[in-house]
Every structure is written in structure tokens, then in C-alpha cells.
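J.: Have a look; sequence and predicted model below, questions after that.
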Amino acid sequence: MVDEALARVSTNFVKNTCKVLFSIAVVSSANPAFILLVVPIAFLYVYYQMVYLRTSRELKRLESVSRSPIYTHFQESLHGVSAIRAYSQMAIQLEFLESMIIVSAALLSILAIASGQLSSGLVGVMSYALHITQSLGSIVRTTVEVEILTVSVDRILEYCKLPCEAPEVIEDNRPQANWPMNGAVEFHDYSTRYRPGLDLVLKGINLTMKPREKIGTVGRTGAGKSSLTLSLFRMIEPVGGFISIDRVTIGLRDLRQRLAIIPQDPQAFEGSVRENLDPGSGHLKNHITSMDGQLLARVNESGSNFSVGQRELIKVLVLDEATAAVDEFKDRTILTIAHRLNTIIDSDRIVVLAAGKVVEFDTPHYLYLYALCSHGGLIE
Ligand SMILES: Nc1ncnc2c1ncn2[C@@H]1O[C@H](COP(=O)(O)OP(=O)(O)OP(=O)(O)O)[C@@H](O)[C@H]1O
């Protein structure tokens, strides 16, 4: 808007200046004596234009800057008009009550003076009545605030009633330090839903991911791709069947510490960067702190300065629509969820999900051929 206005002003300025110069030329050709009169006027005009342009631009800027808080105030007032009305109604009622108290105290005092019974107690009541305005207001505000804050306690009580997740650690069944050694993931007749009473989102899934295999997952929206990932982390528990990773049953913390996910919608939590990177504060801490440079310490080729167990800490990697850096994880088992085909075209095999079921599970090459042939009517 401002740029447009400035452009318009500049164009007008150039246009007017040209007109003036043209007039000078015409007038002076008719009568050269006129040039003595016209030239100073023309200079004055040009000077005026320049000064006016500069000043008016500056004034416009100042005006806009000073008007903007007023506009903001109007906008905020319009948005919060219901709150303002409610507050002003409350304030009027409170003030009415306060005035009634003061009037009653004053009448009482007048009656007491008239009957000659004015006591020190009555003077005290009068003086307190005059201050009641502030006290009543703050009492009402504080009570309302306490009620509002009680909502947080309600929320905490609600959370306390939520059913607990499975145990974080099963002491008799802790995985080896280097688990998952191979990264073989198997879904056995696996079914799950988000909450009791809802429909199943994964129905009888049977999948076997070989160690270090790269699996791409495709399917229409709502087919169950993200649910497959969540089930690996046991964010949703099975209602039938089970998943095994290198054939062990372990606690939730042990499981989630050993898998990694790069989600479609990355989340960060309030706290330090370290807490965000390592919420369990357990991974490799002693080893890293003993290294030169600590978190900045170099990882050698193939991670040779880490033990096998330490390197195995993150063995199975789940990627949700993240293609970058896949080469860096060539010795990891990877499950990639893709919404675009090029994300997973280099996968070893592709799972095609539809309505919570596996409808295809084969190499991209085979699926491509299959799609081509069925499209061309070569197979049914
Ligand atoms: N938190 C939830 N609570 C209840 N139902 C859910 C929840 N999240 C997903 N669903 C349902 O589960 C089914 C599978 O959803 P999911 O997110 O796994 O599909 P998707 O294939 O990953 O979809 P998209 O490609 O859109 O991400 C859908 O019918 C969806 O409505």
C-alpha cells in the first residue's frame, strides 16, 4: 500500500514537473522577457514539490505509526467485547452494592448524630465503609481466579485416573545390552485399535522384516501406516496377535530406548536440548563423558571407537516420510512411511496397506511390474 502510494506521488511529481517545463518553453518562445518571471516560479514549484513530497511522506509515516496502537486497541476491544461487557456488568453491580453500603452507613451516622448517639464505633463503620470499594473488588477477583485455577487441579485428577501403560521395565526380562542384535521385526496376526469401543485400525497384520531390511510403507490416507509405527513403539497396544523384535518380550522403557523414530511432525518439549535428545538420560552417558570433547567427540569410521553393544543401542530405525540420510543407516532395519513414491522406491520391499490390512508385500520391482500388467489387463 505504502509503496503504491509513493509510486503514485513520484509519478505525479514527474508529470507536473514536465508540465511546468513545457509551459516555460512555450511562454519564453512567445516573449523572452517572461522568462525572468517564469523561471523563479518554476524553481519554487519544483522546490515545493520536493520539500512537500519528503515532508508529507515523513508525516504519513508518523501518522500511521501513531494510529496503529489505536487500531490494535479497537481490534482487541472488538474481539473481547463479550468479556468487556461481562466485566463492566460485574463492576456496575459491585459498585452499586458498595454505594448501598456507604449510603446505609451515612444514613446511620446522620440518625446517630440527630439522636445525639454518635459513638466511636459508628465512626469506625463509616471509615471502613468508604474503603469497602477496593476490598469487595479484590475479593471477587481473587475468588474468580481461584475458581479458574482449580480447573488445573481437575485436569491433574483426570490424568491420575487414566489407565497406566504397561510396566516400563520387566526386571526378569531385561534385554541384552546389544538388543536388538539383528533387527528382525515380526508382526504375528497383529490387530489393534486406539481405544476400546473404536474400530480396529490394524487387522490381522502378518509381516516379517528381515534384519537390516529397508521396508517402505504405502497406502491411502487412513490406511494405518502411522498406526503401524505407533504399534512398534507400543503407543497403542494389541487387541490380538503380537510383535516381536529379535524374539523377546520386554518393558516399555527398554523397548523405546532401543528404537528410533524420525516423525513426520517433529515435536520438541520444554526443557534442555539434552533432555529433548535423550529423555531417559541413560544412553551412553558414561562412555560419552569419558571421551575427549564429550558430545563433540568424533565417531570414527564404522563407529570403531564404540563397542558393539553401544553401536547397537539404536538398531531398528523407523522413518515417517523422511528420506534424508538413509544411506547412513545401511546396517539398520528401517521402516519408512511414505506419502510420495520416490521416498521408498529404493526400499528392499514395500508394504501396501489398505483399511488396516496388508494387501501387498513385495519388492518395488515386482509391485511395479504387477501394477503395469494389471493395468494393461495382462493379469487379473
Ligand atoms: N488418535 C486416534 N484416535 C482414534 N483413531 C485414530 C487416531 N489416529 C488415527 N486414527 C484412525 O486410525 C486409522 C488409521 O490412521 P493412520 O493415521 O494410521 O493412517 P495413515 O495411513 O498413517 O494416514 P495418513 O497417510 O493420513 O497419515 C484412521 O481411520 C484414523 O481415523
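T.: Cool, the structure landed.
J.: contacts, neighbours, all on C-alpha from now
T.: Will do.
J.: and the stretch 201-350 of the chain, which residues reach the ligand?
T.: Counting by C-alpha under 6 Å from any ligand atom, the residues of the stretch 201-350 of the chain close to the ligand are Val201, Gly219, Arg220, Thr221, Gly222, Ala223, Gly224, Lys225, Ser226, Ser227.
J.: switch the cut-off to 8 Å
T.: Applying C-alpha under 8 Å from any ligand atom, we find that the stretch 201-350 of the chain lies next to the ligand at 201-202, 218-228, 337-339.
J.: Closest to Asp246 out of the residues you listed?
T.: Leu228 (17.6 Å; C-alpha to C-alpha).
J.: Can you report how many residues lie near that closest one?
T.: Residues lying near Leu228 (other C-alpha atoms under 10 Å) number 24.
J.: Just to check, it is in contact with Val201?
T.: No. Checked against C-alpha atoms under 8 Å, the pair Leu228 and Val201 is beyond contact range at 9.1 Å.
J.: The residues of the stretch 201-350 of the chain next to the ligand in helices, which ones?
T.: Counted as lying in helices by DSSP state H, out of these, are Lys225, Ser226, Ser227, Leu228.
J.: remind me which residues of the stretch 1-150 of the chain are low pLDDT?
T.: Applying pLDDT under 70 to the stretch 1-150 of the chain flags the ranges 1-18, 20-38, 133.
J.: residue ranges of the strands in it, please?
T.: Read by DSSP state E, counting those that start in this stretch, the stretch 1-150 of the chain holds no strands at all.
J.: In it, what residue lies closest to the ligand?
T.: Thr150 (27.6 Å; C-alpha to the nearest ligand atom).
J.: For that residue, grab the count of nearby residues.
T.: 12.
J.: And Pro238, by the same measure?
T.: Pro238 has 18 nearby residues by other C-alpha under 10 Å.
J.: What residues does the residue nearest to it when sequence neighbours are not counted make contact with?
T.: Residue nearest to Pro238 in three dimensions, not counting chain neighbours: Thr192, with 4.6 Å by C-alpha to C-alpha, 6 or more residues apart in numbering. Under the criterion of C-alpha atoms under 8 Å, 6 or more residues apart in numbering, the neighbours of Thr192 are Leu200, Val201, Leu202, Lys203, Ser231, Ile236, Glu237, Pro238, Val239, Gly240.
J.: if you look at the residues you listed, which of them are in strands?
T.: Leu202, Lys203, Pro238, Val239, Gly240 (DSSP state E).
J.: Mind putting those residues into TSV with pLDDT?
T.: Compiled in TSV, the ones in strands among the contacts of Thr192 are given as follows (pLDDT from 0 to 100):
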residue	pLDDT
Leu202	95
Lys203	95
Pro238	91
Val239	93
Gly240	92
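J.: most neighbours, which of these?
T.: Most surrounded of the ones in strands among the contacts of Thr192: other C-alpha under 10 Å gives Leu202, at 27 neighbours.
J.: residue contacts, that one?
T.: Counted by C-alpha under 8 Å, 6+ apart, Leu202 has contacts Tyr190, Ser191, Thr192, Arg193, Gly224, Ser227, Leu228, Ala355, Gly356, Lys357.
J.: which bits of the stretch 51-200 of the chain sit near the ligand?
T.: Contact residues (C-alpha under 8 Å from any ligand atom) of the stretch 51-200 of the chain with the ligand: Arg193, Tyr194, Arg195, Leu198, Leu200.
J.: Can I get the buried part of those as one PyMOL selection?
T.: Only the buried entries of those go into this PyMOL selection, using 16 or more other C-alpha atoms under 10 Å:
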select buried, resi 193+194+200
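J.: Do I have it right that Asp199 meets Arg193?
T.: Yes. Asp199 lies in contact with Arg193 (C-alpha under 8 Å); the separation is 6.2 Å.
J.: So what does Ala166 look like in phi/psi?
T.: phi -60, psi 160 (degrees, to the nearest 10).
J.: what's the answer for the one 10 residues further on, then?
T.: Backbone torsions of Gln176, given as degrees, to the nearest 10, read phi -60, psi 160.
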